[in-house]
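**Q** For reference, the sequence and a predicted model appear below.
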Amino acid sequence: MITLRRSTSRSHVQQRRRETWSTFSPTASPQEPLAAFGLLVGLDELWLPGSGVETPHPREEGEVVAYVYKGALAQEDSTGRSGVAHAGEFQHCVINRGVRYKENNASRGGRAQVYRISLLSTQVGLDSVREQRLFPAAQRRNVLCVVASPDGRRGSLRILQDAFVISSVLDPGHHLVHELAPGRSVWLHVVDGEAVLQDIVLTAGDGAGVTGEPSVSFTARESTEILLVDLGPMPSSFGRAPTEGRA
């Protein structure tokens, strides 16, 4: 089964030249059902102007994997920790309700473009954590590069949830296959370029969820960059399954 979310269907919020496109909406209605996709509760694209405008971090307790696609992102929290993530860097944060966060564009002129993947926490009382790592485009080219995982495999960021965040930069015509273990699902998001998933053409900003399949495969029609989130089943205590839908 494929759940399709076109770029034009994402919610769009603009505040003082800061723009956010959200694939999932917590206020989704029966007519607009994509409130989440299993443990994946947020996939936001943020454009931050170069004027130092702050953007609030999600307030809900949970985990965030952020990818700085362009520019640089400065962050600090109420514990006194601060840092800057640059283009090509991925960052893992555990969001604690008792800690306040803020972010702004640290680029020297121009706009920062950041992708934020939010995962529902299956635990409570998490300790605040932040780590980041550079994954150069050459390391991600034409392969499924794991950038975040529960076991920190291949030098990836270590996360708490049953999810794998994968990044790939594809040359035109390159084809990739990602195998899915029983019970797992995957969300594919096109950052840039154009890719074909089965017979569905996905362009920048489009996303698609795949459930009940042994694998997901896609082909780049031009130079393309994607993010892929491989998700385990929702714990039964949450009583929530991946949102259903057909392309």
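**A** Happy to help now that I have it.

**Q** use CA for all of it now, contacts and neighbours both
**A** OK.

**Q** low-confidence ranges in this protein?
**A** For the chain, the stretches with pLDDT under 70 are 26-33, 51-61, 97-99, 123-128, 236-247.

**Q** try 90
**A** Low-confidence segments of the chain (pLDDT under 90): 14-18, 25-36, 48-63, 73-84, 93-111, 120-130, 233-247.

**Q** What segments of it are helices?
**A** For the chain, helices defined by DSSP state H occupy the ranges 137-140.

**Q** Name the residue most distant from the centre of it?
**A** residue 80 (26.0 Å; C-alpha atoms, centre = their mean).

**Q** and stretch 101-120, which residues are buried?
**A** Residues of stretch 101-120 classed as buried: 101, 103-107, 111-120 (neighbour count, 16 or more other C-alpha atoms under 10 Å).

**Q** Sorry, slip of the keys, the one I care about is stretch 198-218.
**A** 202-211, 213, 215-216, 218.

**Q** In the protein, which residue is most central in space?
**A** residue 117 (3.1 Å).

**Q** Okay, that one and residue 222: tell me how far apart.
**A** The gap separating residue 117 from residue 222 is 25 Å, by C-alpha to C-alpha, to the nearest Å.

**Q** Could you find the closest non-adjacent residue to the residue nearest to the centre of the chain?
**A** In this structure, residue 117 finds its nearest non-sequential neighbour in residue 43, 4.6 Å apart by C-alpha to C-alpha, 6 or more residues apart in numbering.

**Q** what's around the one you found, how many residues?
**A** Residues near residue 43, counting by other C-alpha atoms under 10 Å, number 23.

**Q** just checking, it touches residue 22?
**A** Yes: Residue 43 is within contact range of residue 22, at 6.0 Å (criterion: C-alpha atoms under 8 Å).
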